[in-house]
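Visitor: Have a look at this prediction, sequence included:
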There are 2 protein chains.
Amino acid sequence: MTNLTAALSAADAQFEQSLERLFGLLRIQSISTDPAYAPECRRAGQWLVDELTELGFEASLRDTTGHPMVVAHHPGATPDAPHFLFYGHYDVQPVDPLNLWTEPPFEPAIKEIEPGRKAITGRGSSDDKGQLMTFVEACRAWKQASGVLPCRITILFEGEEESGSPSLKPFLEANAEELKADCALVCDTGMWDAETPAIAVALRGLVGEEVTITAADRDLHSGLFGGAAANPLHILSKILADLHDDTGRVTLEGFYDGVEETPAQILASWESLGRTAEDFLGEVGLSVPSGEKGRSVLELTWARPTAEVNGMWGGYTGEGFKTVIAAKASAKVSFRLVGKQDPAQVRAAFRAHVESRLPADCTVSYAPHGGSPAIQLPFDSPVVTKVRAALTDEWPKPAVMIGMGGSIPIVGDFQTYLGLQSVLCGFGRTDDRIHSPNEKYDLASFAGGIRSWVRILDGLSTR
Amino acid sequence: MTNLTAALSAADAQFEQSLERLFGLLRIQSISTDPAYAPECRRAGQWLVDELTELGFEASLRDTTGHPMVVAHHPGATPDAPHFLFYGHYDVQPVDPLNLWTEPPFEPAIKEIEPGRKAITGRGSSDDKGQLMTFVEACRAWKQASGVLPCRITILFEGEEESGSPSLKPFLEANAEELKADCALVCDTGMWDAETPAIAVALRGLVGEEVTITAADRDLHSGLFGGAAANPLHILSKILADLHDDTGRVTLEGFYDGVEETPAQILASWESLGRTAEDFLGEVGLSVPSGEKGRSVLELTWARPTAEVNGMWGGYTGEGFKTVIAAKASAKVSFRLVGKQDPAQVRAAFRAHVESRLPADCTVSYAPHGGSPAIQLPFDSPVVTKVRAALTDEWPKPAVMIGMGGSIPIVGDFQTYLGLQSVLCGFGRTDDRIHSPNEKYDLASFAGGIRSWVRILDGLSTR
C-alpha cells in the first residue's frame, strides 16, 4: 500500500468523525458582518486553532482591528518539500430571512435532498466551512496514515470574507514573510457538475459605483412643473439605457481596451462542456441570452466584461400614485472586468458617460464601491497540471478549466502582497444556495473534497 | 352703504374669528388616503356641517362607501336669484416626512415667512381647507351684513380628493338633481402672483400607469449571470429613455393626435405675463427648460402634453452594494394631456411602446391609475366675465386667464354628471408647498380670498 492509498483509506475510515467535527464548526454562529456575533467569530477561529494544534500544526489566533486570523504552520515530510499556503474563511453570511429556512441554520444535519443524494444542511456548510474542512481533514488523513504531511503547509483562515475583508490587506502586508509559500491553494469555488471537478482560471474583476443625479432643489408637482423642469429619473434612465448599444456591447469610451478575444481552443473546450443558453437560463426562468450577441453564455459570463444596473430608485415608490417630479434619482451600477481592463479607467469612462448626458443645471455625485481588475491564472503551470491530474484521478470525469463570473479578491491580494499565484479548486455545487436560506453542501462534495486534497497533497509533494 | 360695502366691512371686522374657525378645521387630521384617519375625516365633515347649519344652510353629512360628503343648501335673496354650486374638499395629504416640518402640521399658527408677509402654517392650510373657508366666511359676512345671500348656493365638500375621489362619480350620478345649479364655482387653484388674481381656463388631463417588468424568476448574482441574463432595470431604463426624442417630444405612436397649437393671441397674452424660464425654474434651483424645445415654460406647462416618470425602483437600494440582477423593476409613469387627447389611446400607445421593447422571455404587468382628458373652459362667458370683474375690483392688478399644468378632475365630472361648467378661481400661491412639508397659506390669500368671494357673490347675483 502506497502512502497515498493509506491516506485515502484513513480519510474514508474516519469520515463519520470528519462530519462530526465539521458539525462542531457549523454550530458556531460566526456571522462576520453583524457586530453582535463578534464573540462567535472569535470562537470559530479558536476552534480551528485548537483543531490544527491537535493535528501538529503550530497554530495561533492573530488579532486584527476586526475579526482574528488563524495562522498555522506544518513542516513537510522532507525539509525541502514544496510549500503551499492554504486559504479559507471561517465567517459566514447572515441568515435572514430566517423563516425561509426549512432546517435551523446553525443546527447542521444530514438530509436526503433527492433520492440517493444526501447533503449537509446549515449556514456555512458550503461557504466556506465545509470547503475549508475538506483540507483540514485531508491533512488529518495524511497524519494518521503516515505521521507526516507530504508538503510543507501554511494555513490562513480569515473571519471577514463575508464582510469585505477590511483587515486582510494590512495583515498580508505585515506578515508577508511568514505567509510566503510556493503557491496558494484556495478552496472557495465549485465543481463543474456532480461528476466533473473544476479549476477556476479566469476571474472577472469588479468596479462598483453609486450615482445620484440631482435636479431641482425639492420634489416638484408634475402638474405644475412637468414639461419644463428636468426630471432626474429621465436623465438617469437615459444614462443607463445608453450603457449598451443594440448589439449588447457596452458603449463607454475605451471600455474594451485590454479585452482580448478568448483563444479558439479555450472557447472550444467550453463548447464541449455542453452548457446551452437554454440550460443555463432555463434554471432561472429565462431563455433569451441578453448581452453581447453571438457569444455563448459561458463566454459571456466568464470571459466578457459587463455593465449591470444592480439597483435604481427615485421619486414615489409607495402604494398608489403621486404625480411628483423627484429632486434626485440614484442607481448602483457595477462593471465586471476581464483581461487587462483598468478599474480606474472604467470608472472614469463611466463618469464621463454620465456627465456628458447631464443637463447644465443638474448635478451628480458618486459613491465608489470597490475596484479590482480581472485575474487570469495559468492554465498549464506545473502546480495546475498536478492539481488537475489529482482531481481527474478522484472523480468520474476529468477536471476542467473554467472561468468564473464573479471575483475572488483574495487571489489578487496574494499576488500583490505575497507575490503568489493561486490555484482555485473547490467542491461546491451550483445549487448550494450560498448566501441564501437553506445553504447545503453535498455529502459527496465533502467526502470527495477530502479525498481530492489527499491526492493533491501527494501530487504536489514532488517538485 | 351698499350691501356689498357692508358685507366687505363685516368680513374685515370678523377676520380674527374667521382665522380661529379655520384653525379649528386645520386641527382635524383628515388624511383621506390612510384608513387610520377615517374617523378624523368624518369629524372634519361634521365640523363643516355644524358650521354651515349655524350659518342658515340646510346641511347634512352624506355617507358614501368611502369618506362622507357634505351637502348644504341656502336660498338666495330673491326666489329667482342665480344658483351656484360651490366645491371644495376637506381632506388633506399625508404629512410624511414629518421631520421636515418646522411647525407641527396639525397645530396651525401664524408665521412671518418674510418681512411683512405672514402665513397660516399647517397641512391643508392652502389645499384645500383654507381655500374652501374663504367661501364659507364670505357667506358669513353676507349673512351678518344683510341677513341673506345674494345668490342661491349649494355647497359640495368632498373628503376623498387627495385619494382619487372613488365615491365622487357615483355620488354625483345619484344626486344629480339635488346638485344642479347654473354654474359651479371651484376654489382649489392659485393666484398668478401676489397682486394678480387668476381664473384657470385650460386644465391638462392625466393618465397614470404603473409598469413592472419581470425577467428571471428570482434575483440573480451578477457575477454568475451578468452578461447573459436579462436585467429588468436595463429594459425599463430603455423603455423610459425612449419616451422622449432628442427634441423633447414624446415618441408614443399617435401621442399628439388631438393636440392643437395654442392660438397666437393666447400665447401672446401669456408672453405678456413676463414669466421667464429663469424666473420659473430659478425658484426651484433649475435654469434650463427641459421638454419640447422652442416653447415658453408657460406653454410647456399649460398647453403641451407630457410624459413623466414619477417613481422608479428595482434591485438593491440599501446601504453599500449588492451585485444583484433584480427579478423585477417598476416605474410609475404619468402623462399630462391637452386638447382632445384620448386617455385610453395614450395608455394603449404606452403599453405598445413597452411591449415592443420587451424581450421574449420577460413579462410585463400594469396597474392603471386614473385617466382624465384635458378640459378647456370658456374665456368669456357671462359668469367668467363677472368673476373676472369682481377679482379685478379686489386686487391691485386685473385678473388674468391662465392655463394649469395639473388636472382638476371635478371639472370634468361636473360637466359629465351635472351638465355644469365650472369657474376655477382660488388664492393659493406657487410657494404654498401643497402636498409637501411646511404647507402654508398667506394671510393675504385668506383675507383677500374672503373679500373676493364677497364681491363675486354680489357680481353673480344679477342675471
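Guide: Perfect, thanks for sending it.
Visitor: going forward, measure contacts and count neighbours with C-alpha atoms only.
Guide: Will do.
Visitor: What confidence value was assigned to residue A:409?
Guide: Confidence at residue A:409, expressed as pLDDT, is 82.
Visitor: where exactly do the helices run in the stretch 1-150 of chain A?
Guide: A:3-13, A:15-26, A:38-54, A:129-146 (DSSP state H, counting those that start in this stretch).
Visitor: Which helix or strand lies directly C-terminal to the longest one?
Guide: So the one you mean is helix A:129-146. Of the helices and strands lying after helix A:129-146 in sequence (DSSP states H and E), the nearest is strand A:152-158.
Visitor: Tell me the gap between the helix or strand just after that following strand and the middle of its chain.
Guide: Toward the C-terminus, strand A:152-158 is succeeded by helix A:168-174 as the next helix or strand (DSSP H and E). When distances are taken as C-alpha atoms, centre = their mean, to the nearest Å, helix A:168-174 is centred 20 Å away from the chain's centroid.
Visitor: and the following helix or strand past helix A:168-174, which residues are buried?
Guide: Next helix or strand after helix A:168-174 toward the C-terminus (DSSP H and E): helix A:176-179. Using 16 or more other C-alpha atoms under 10 Å in any protein chain shown as the test for burial, helix A:176-179 gives residue A:179.
Visitor: Centre of the chain to helix A:176-179, how far?
Guide: Centre-to-centre, helix A:176-179 and its host chain are 24 Å apart (C-alpha atoms, centre = their mean).
Visitor: what's the answer for stretch A:135-150, then?
Guide: Centroid separation between stretch A:135-150 and its chain, computed with C-alpha atoms, centre = their mean, is 27 Å.
Visitor: and the gap between the residue of the stretch 351-463 of chain A found nearest chain B and residue A:88?
Guide: Residue nearest to chain B within the stretch 351-463 of chain A: residue A:406 (3.9 Å; C-alpha to the nearest C-alpha). Residue A:406 sits 17 Å away from residue A:88, taking C-alpha to C-alpha, to the nearest Å as the criterion.
Visitor: and what of residue A:447?
Guide: Residue A:447 is 18 Å from residue A:88, where distance means C-alpha to C-alpha.
Visitor: Looking only at neighbour counts, state which of these two leads.
Guide: Higher neighbour count among residue A:447 and residue A:88: residue A:88, with 25 against 20, using other C-alpha atoms under 10 Å in any protein chain shown.
Visitor: so what's the residue lying closest to that one once chain neighbours are set aside up against?
Guide: Nearest residue to residue A:88, sequence neighbours excluded (C-alpha to C-alpha, 6 or more residues apart in numbering or on different chains): residue A:157, at 4.9 Å. By C-alpha atoms under 8 Å, 6 or more residues apart in numbering or on different chains, the residues touching residue A:157 are A:45, A:69, A:70, A:71, A:87, A:88, A:89, A:90.
Visitor: gap between residue A:157 and residue B:260?
Guide: Residue A:157 is 72 Å from residue B:260, by C-alpha to C-alpha.
Visitor: Could you list which residues are in contact with the residue nearest to the spatial centre of chain A?
Guide: The centre of chain A sits closest to residue A:408, judged by C-alpha atoms, centre = their mean, with a distance of 4.7 Å. The neighbourhood of residue A:408, defined by C-alpha under 8 Å, 6+ apart, consists of residue A:203.
Visitor: and it, how far is that from residue A:195?
Guide: 24 Å.
Visitor: next one: residue A:150
Guide: Counting by C-alpha to C-alpha, the gap from residue A:150 to residue A:195 is 27 Å.
Visitor: quick one, which of the two is more surrounded?
Guide: residue A:150 (27 against 15).
Visitor: Would you map the strands across the stretch 151-300 of chain A?
Guide: Assignment of strands within the stretch 151-300 of chain A using DSSP state E, counting those that start in this stretch yields the ranges A:152-158, A:183-186, A:198-203, A:205-214, A:220-221.
Visitor: What is the neighbour count of residue A:406?
Guide: Counted with other C-alpha under 10 Å, residues neighbouring residue A:406 total 23.
Visitor: Same check on residue A:125?
Guide: 32.
Visitor: likewise residue A:422?
Guide: Counted with other C-alpha under 10 Å, residue A:422 comes out at 26.
Visitor: residue contacts, the closest residue to it other than its chain neighbours?
Guide: Nearest residue to residue A:422 in three dimensions, chain neighbours excluded: residue A:184, at 4.4 Å (C-alpha to C-alpha, 6+ apart). By C-alpha under 8 Å, 6+ apart, the contact list for residue A:184 reads A:84, A:85, A:86, A:87, A:414, A:420, A:421, A:422, A:423.
Visitor: Can you flag which of these belong to strands?
Guide: Those of the contacts of residue A:184 mapping onto strands are A:84, A:85, A:86, A:87, A:422, A:423, per DSSP state E.
Visitor: most surrounded residue in these?
Guide: residue A:422 (26 neighbours).
Visitor: my guess is that one meets residue A:182, correct?
Guide: No: proximity of residue A:422 to residue A:182 does not meet the contact threshold set by C-alpha atoms under 8 Å, at 9.6 Å.
Visitor: thinking again about what came up before, and the contacts of residue A:184, which is closest to residue A:200?
Guide: Closest to residue A:200 out of the contacts of residue A:184 is residue A:423 (7.6 Å), distances taken as C-alpha to C-alpha.
Visitor: If anything else comes up later, I'll come back, but that's it for now.
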